[in-house]
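Peer 1: I need the structure of the sequence given here:
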Amino acid sequence: MIGRLQCVVLDCPDVLELARFYQSLLGGGVNQPDPRWAVNDDFATLHTASGLVLGFQRVEDYRAPRWPDTAHPQQFHLDLDVPDLDQAHHQVLGLGATLLHVDARGWRIFADPAGHPFCLLRG
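Peer 2: Presented below is the predicted three-dimensional model:
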């Protein structure tokens, strides 16, 4: 092993908006005190209940990915297991997500408010 994953950082235009969106999905604390990161207008964190840390980095001329357009690649995506796909579907839409696609397997692909794709899967 060379190292451990410290956090996953997502580029976005508004760090607090995206941190709060993922807090609504995953729980946890936004901008919890942590000596590893300095939070400010350009960087926010979310310490999830599972221990995963997401970082959100402001990019001035942010260009959102366009799934599945390879000219604007998704760059990364998150898969989230949920107990009830229909309920989770409505919840994420209410939080500001956009439905992109329903896969033949029933997976639901959404974009977060900054355009990053994420999938809801039956857990």
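Peer 1: only C-alpha atoms for contact and neighbour calcs from this point on.
Peer 2: Fine.
Peer 1: from the contact counts, what lies against the top helix by length along the chain?
Peer 2: Longest helix in the chain by number of residues (criterion: DSSP state H): helix 15-26. Counting by 3 or more CA pairs under 8 Å, 6 or more residues apart in numbering; DSSP states H and E, the packing neighbours recorded for helix 15-26 are strand 29-30, strand 43-47, strand 53-58.
Peer 1: direction included, what does the helix-or-strand element of the chain with minimal mean pLDDT pair up with?
Peer 2: Among the helices and strands of the chain, strand 78-82 carries the lowest confidence by mean pLDDT, DSSP states H and E, at a mean of 85. Under the criterion DSSP bridges, strand 78-82 sits next to strand 117-122 (parallel) in its sheet.
Peer 1: got the CA positions of the strand it pairs with in PDB?
Peer 2: The C-alpha trace of strand 117-122 is given here as PDB (Å, rounded to 0.1, in the frame of the first residue of the first chain):
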ATOM      1  CA  PRO A 117     -23.200  12.600 -11.800                       C
ATOM      2  CA  PHE A 118     -24.100  10.200  -9.000                       C
ATOM      3  CA  CYS A 119     -26.100   7.000  -9.000                       C
ATOM      4  CA  LEU A 120     -28.700   5.700  -6.700                       C
ATOM      5  CA  LEU A 121     -28.700   1.900  -6.500                       C
ATOM      6  CA  ARG A 122     -31.000  -0.500  -4.600                       C
END
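Peer 1: contacts for it?
Peer 2: If you take CA atoms under 8 Å, 6 or more residues apart in numbering as the criterion, strand 117-122 is touched by 65, 67, 74, 76-85, 88-89, 106-112.
Peer 1: same thing but at 6 Å, please
Peer 2: Where contact means CA atoms under 6 Å, 6 or more residues apart in numbering, the residues beyond strand 117-122 that reach it are 77-83, 107-111.
Peer 1: from the centroid of the chain, which residue is nearest?
Peer 2: In the chain, the C-alpha nearest the mean C-alpha coordinate belongs to Tyr22, at 5.5 Å (CA atoms, centre = their mean).
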